[in-house]
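> this is a predicted model, with the sequence first.
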There are 4 protein chains.
Amino acid sequence: MELGLIGLGKMGGNMRERIRRAGHTVVGFDRNPDVSDVDSMEALVEALPSPRVVWVMVPSGEPTQKTVEALGDLLDEGDIVIDGGNSRWTDDIAHADLLAEKGIGFVDCGVSGGIWGLENGYALMAGGDPAHIKTVQPIFDALKPPGEFGWVHAGKVGAGHFSKMVHNGIEYALMQSYAEGWELLQKADMVDNVTEVYRSWREGTVIRSWLLDLLVAALDEDEALAGIRGYAEDSGEGRWTVEAGIEHAVATPAITAALYARFVSRQDDSPAMKAVAAMRNQFGGHAVHTDAPPKTSDTPSTPGG
Amino acid sequence: MELGLIGLGKMGGNMRERIRRAGHTVVGFDRNPDVSDVDSMEALVEALPSPRVVWVMVPSGEPTQKTVEALGDLLDEGDIVIDGGNSRWTDDIAHADLLAEKGIGFVDCGVSGGIWGLENGYALMAGGDPAHIKTVQPIFDALKPPGEFGWVHAGKVGAGHFSKMVHNGIEYALMQSYAEGWELLQKADMVDNVTEVYRSWREGTVIRSWLLDLLVAALDEDEALAGIRGYAEDSGEGRWTVEAGIEHAVATPAITAALYARFVSRQDDSPAMKAVAAMRNQFGGHAVHTDAPPKTSDTPSTPGG
Amino acid sequence: MELGLIGLGKMGGNMRERIRRAGHTVVGFDRNPDVSDVDSMEALVEALPSPRVVWVMVPSGEPTQKTVEALGDLLDEGDIVIDGGNSRWTDDIAHADLLAEKGIGFVDCGVSGGIWGLENGYALMAGGDPAHIKTVQPIFDALKPPGEFGWVHAGKVGAGHFSKMVHNGIEYALMQSYAEGWELLQKADMVDNVTEVYRSWREGTVIRSWLLDLLVAALDEDEALAGIRGYAEDSGEGRWTVEAGIEHAVATPAITAALYARFVSRQDDSPAMKAVAAMRNQFGGHAVHTDAPPKTSDTPSTPGG
Amino acid sequence: MELGLIGLGKMGGNMRERIRRAGHTVVGFDRNPDVSDVDSMEALVEALPSPRVVWVMVPSGEPTQKTVEALGDLLDEGDIVIDGGNSRWTDDIAHADLLAEKGIGFVDCGVSGGIWGLENGYALMAGGDPAHIKTVQPIFDALKPPGEFGWVHAGKVGAGHFSKMVHNGIEYALMQSYAEGWELLQKADMVDNVTEVYRSWREGTVIRSWLLDLLVAALDEDEALAGIRGYAEDSGEGRWTVEAGIEHAVATPAITAALYARFVSRQDDSPAMKAVAAMRNQFGGHAVHTDAPPKTSDTPSTPGG
């Protein structure tokens, strides 16, 4: 079938390639003319046979919002828009309503797989009307991994991104779990070679996983991770997962811990800990640090308070 | 080679079988005569050629302590004891010292794999003197998984169990991660079939893992887990991991969250939350519940305080 | 001065009394005619001299929303509405915009003090235009505590409720802190009388506070809190504090822990822990509990996994 | 009465002064001759009438251990040693046993109050035999605050320090609570003056406390705490509280969050977050930071993974 694909960055570019390999025709558009197949969104729409299917693969929030609005103007009744970015599920519902006014269908699709997806396939979690899903199924089949898993029609509009959001929330906590264990092994000085211990876990253990494999690959490149700063961005889904938990009174302490660790990792200095240091100084006369931090202290200090 | 194996429970019994399949001779002893090959620890020791190798596979703490002490009396210089249970690494050091007085070697070995180990092999993390490890290597080779991973000589005595402890701490947090996501999907009512979403994650996603496979297997048996109470024991390693983190000033918030969730899961009622309810009542006149809890409330109550 | 007061529940009723004691005239309206001074909101508005000042003290969300909308219809340019409930600051901004269309002023005011406010005064955190604040200052002066603290003009519209929200978030975490300590002292069986230890902390310690005083009062009524179930509602501000933290990438682990403990306290059974128990059963053959929970277990179980 | 006092640092020196003001005789010894009344521990013991009472006020761990051992050699049957430092309760039991061999009594006493204790009195939590407590009661009366609270005989040997440990655990979490709220108000840019909001909370609110007063005092000196680094030591009791919770299967998530925040505050870079960054890079090609961190990012980044 023929597909329009908007957004040809790290993810979108590889997805175009994988879909083409499966024998489909992809007309790609990106703001970057070097990677674009057409000059404009209008040209993309014109290049597609009706009913058209357009996959949007741009950052969530305003970029996706603007792209959906523009497609709402350009497309016609019976066409379908798929949002394959990392939109919040609440945006999906608004986008579906907007497009439905013109009879344009909407499918949201969470995509996992990162830079490995081109070769291994992308796991897909889709939400939307079964008829819309059926129409675009050939594209999903082209993108998904070859095995029996990696694809689900999760439910109504929003269900795809909601599932992907929870997937990413879990992902945050899994990464934090392996990371905490790694820091402990690094600091405790009990094992001869932390990388070899992690490598051994890749088979036969309860904790074997793809993320473990990836961490071992990273450690093979730089066993102390000396060249990497302990600084981690967050991409929205972790926040939304915690917020969805709060909305439904579901405690998510491990996922939240992972999110907060990322927040703190990006601070040069912690205002909260300034306040703690200030209080300690007030009641106990404990010295405060005013400038460069001293060497890391692992042992409790002489008590006061 | 020939091996004495003390403790033929769920783990030990299967390990005896796997070692025998590899062509070794195993003399097993257990308090339960139905599964035991010999009548006593003395008989086990007598049945082995010198230098003897005895694998201890009994619960950590007092049972392991008593077994090691008994072996210290029964064995001779040049023999080797392997503790394959879930002992704390600090116990290993004491046990190694005790046995060293008589010239008996000691190896600690963390074992992972659960009930799947018989067929798939057991992941092994060993600590001890390289010469001792070399002597018992044929047993490790028989137990370990067939692939290139799943076995590591982690370092000196204690390093095996320390590695296994961290493995289990990570395991706690991984399980908590998948569990939080599952509760959120259950409660949010956004997806049609939570099991199918989890199943789809088994391929192509960042979060694919063996634990995910196991959770899907459990959901296939009982999709709402209606027949399972939300009650989780902890086996010591989770506690020790958090304590080791504290000793080394390593924050382990995700692992700790997982441990605490287990503590709370075992309480009929929470004393801490009684105290919170009592304070709310004192300042805000908020009603306290005195008996059976009302239906679960997901929405915030009318404010006060 | 004269004031209209809508909402005469636990908080509003006492506030009417305190304002009257200060010599002001209060026209109160409540859906409950037994406590109401007038029959309707219309009658309340008619009874007030122009420019009118109306204090809204009803539950946040829809009740406040509807009351503000009704007042928008009934009031005139130059009148002022004060929302003294526990509204979210984002609602304040919408309400101020709505009323500003007709030239009606809006002030948001967070109120703390609970059932003690009638005698001790209510702490007030207000947001809004300085001119509006000045107009209603006599009411604030009547409500606030007699000392030098307890009142702040925090900033623009929304700043009052934002401050009160953070106040309540802190309150959650403070309560959780005392509660955790109480559970530990109860369980550890080290001290003869936990209430006496808590009572002793009321003077000279770093942790003396009003919440501590209240907890001791509760313990004096029921030293084991045997008559109170460990069940705690949450009133919205705790959730909003965590969400505001997430919006600004501010980690709030203690406040979040307090919120999550309340969520869990309201569950008959934890879906997340069902999933953990199910996974443990899958890999380790660990028994699952299917019905009534066994007695609480404090000690680690025999290991597996 | 007459008292020997060993350790005349920040705490001990002020305590000597307060006891003397109450009319008692204090013979003080410190390694620092400038503040010492006698030249040696031996001289201190000789200067006291029999039965002697000696208060030890030195850092916990080895310094206290050595002092107690030395006093065990120097003192006689019927004498009493009080450990007023921040020893772990488990040490108390060992110390009491050691001294009991010679018939020397032992009392442990947790002391709170910091640098304010000289004027306001010190809160005291004592553990030990009632007869020993009775003997030294005049000293407790001299030290404790003037009001009806601030002193408790908590129970047997160890109960005093156990109570003080829990007090300090709570203290950690209370400080963290106020600190989280402060960071949020600082970052959210909703209120005009954060210090004034905190100051207003000092009266009439649910969260009024001495720690709040102290934080306001610190903010009055430096409203942005610009001169204080977000670096906080921990003095042992926080760790022990968490460990005691683990021993008794008591979840202490707020206290633990406070402890972990301190651990992280002392790190130049977080190994755990290096591992998280490394994994993100592996699966998503997310850029890692290799050197100086960029400006703090509060907003989610463009998604991947």
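Right, received. Where do you want to start? Residues are numbered from 1 along each chain as shown, chains lettered A, B, ... in the order given.
> show me chain A divided up by domain.
Split into domains by automatic domain parsing, chain A comes to A:2-157, A:165-284.
> and those as a markdown table, adding mean neighbour count and mean pLDDT?
Heads up, the C-betas are built off the backbone N, CA and C, glycines and all. A markdown table is the format used below for these (neighbours: other C-beta atoms under 10 Å in any protein chain shown; pLDDT from 0 to 100):
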| stretch | mean neighbour count | mean pLDDT |
| --- | --- | --- |
| domain A:2-157 | 20 | 97 |
| domain A:165-284 | 24 | 97 |
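> spell out, range by range, the helices that occur in the stretch 51-200 of chain A.
Using DSSP state H, counting those that start in this stretch, the helices of the stretch 51-200 of chain A run over A:62-74, A:89-100, A:117-120, A:130-143, A:159-188, A:194-200.
> chain C is nearest to which of these?
Judged by C-beta to the nearest C-beta, the one of these that comes nearest to chain C is helix A:159-188, at 11.5 Å.
> want to try CSV for the helices of the stretch 51-200 of chain A, with distance to D:Val53 as columns?
CSV is the format used below for these (distance: least, C-beta to C-beta, whole Å):
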stretch, distance to D:Val53
helix A:62-74, 73
helix A:89-100, 69
helix A:117-120, 75
helix A:130-143, 80
helix A:159-188, 43
helix A:194-200, 52
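> show me the contacts for the residue nearest to A:Gly78 when sequence neighbours are not counted.
Leaving aside its sequence neighbours, A:Gly78 sits nearest to A:Pro51 (C-beta to C-beta, 6 or more residues apart in numbering or on different chains; 4.1 Å). Under the criterion of C-beta atoms under 8 Å, 6 or more residues apart in numbering or on different chains, the neighbours of A:Pro51 are A:76, A:78-80, A:135.
> same check on A:Gly84?
A:15, A:55-57, A:109-111.
> could you measure from it over to chain B?
The gap separating A:Gly84 from chain B is 14 Å, by C-beta to the nearest C-beta, to the nearest Å.
> for A:Arg239, same thing?
Here A:Arg239 is placed at a distance of 14 Å from chain B (C-beta to the nearest C-beta).
> can whatever helix or strand that residue lives in be said to contact chain D?
Using DSSP states H and E, A:Arg239 maps to helix A:237-247. Yes. Helix A:237-247 reaches chain D (C-beta under 8 Å from any C-beta of the partner chain) through A:237, A:239.
> do that helix and chain C come into contact?
Yes. Helix A:237-247 reaches chain C (C-beta under 8 Å from any C-beta) through A:239, A:242-243, A:246.
> pipe the helices of the stretch 51-200 of chain A into a markdown table and attach distance to chain B per row.
As requested, the helices of the stretch 51-200 of chain A are exported to a markdown table (distance: least, C-beta to the nearest C-beta, whole Å):
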| stretch | distance to chain B |
| --- | --- |
| helix A:62-74 | 19 |
| helix A:89-100 | 7 |
| helix A:117-120 | 6 |
| helix A:130-143 | 9 |
| helix A:159-188 | 4 |
| helix A:194-200 | 3 |
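> closest one to D:Met273 among those?
Among the helices of the stretch 51-200 of chain A, the nearest to D:Met273 by C-beta to C-beta is helix A:159-188 (6.9 Å).
> next, the angle from that closest one to helix A:130-143.
Going by axes from the mean of the first three to the mean of the last three C-alpha atoms, to 10 degrees, helix A:159-188 is angled at 40 degrees with respect to helix A:130-143.
> could you give the angle of helix A:159-188 to helix B:237-247?
Using the same axes, to 10 degrees: helix A:159-188 against helix B:237-247 is 60 degrees.
> could you dump the domains of chain A to TSV with distance to D:Asp220?
Shown next, in TSV, are the domains of chain A (distance: least, C-beta to C-beta, whole Å):
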stretch	distance to D:Asp220
domain A:2-157	41
domain A:165-284	11
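> for these, which one sits closest to B:Arg229?
Closest to B:Arg229 of the domains of chain A is domain A:165-284 (C-beta to C-beta; 17.5 Å).
> kindly check the end-to-end length of the closest one for me.
Terminal residues of domain A:165-284 are spaced 45 Å apart (C-alpha to C-alpha, to the nearest Å).
> hmm, A:Ala70 is touching A:Leu44, no?
No. A:Ala70 is beyond contact range of A:Leu44, at 10.5 Å (criterion: C-beta atoms under 8 Å).
> return the alpha-carbon coordinates of whichever strand in chain A runs longest using CSV.
Ranked by residue count, the top strand of chain A under DSSP state E comes out as strand A:105-112. The C-alpha trace of strand A:105-112 is given here as CSV (Å, rounded to 0.1, in the frame of the first residue of the first chain):
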residue,chain,number,x,y,z
GLY,A,105,-10.1,8.6,10.9
PHE,A,106,-7.5,8.6,13.7
VAL,A,107,-5.3,5.9,15.1
ASP,A,108,-2.7,6.3,17.8
CYS,A,109,0.2,4.0,17.9
GLY,A,110,2.9,3.7,20.5
VAL,A,111,6.2,2.6,19.0
SER,A,112,9.1,0.9,20.9
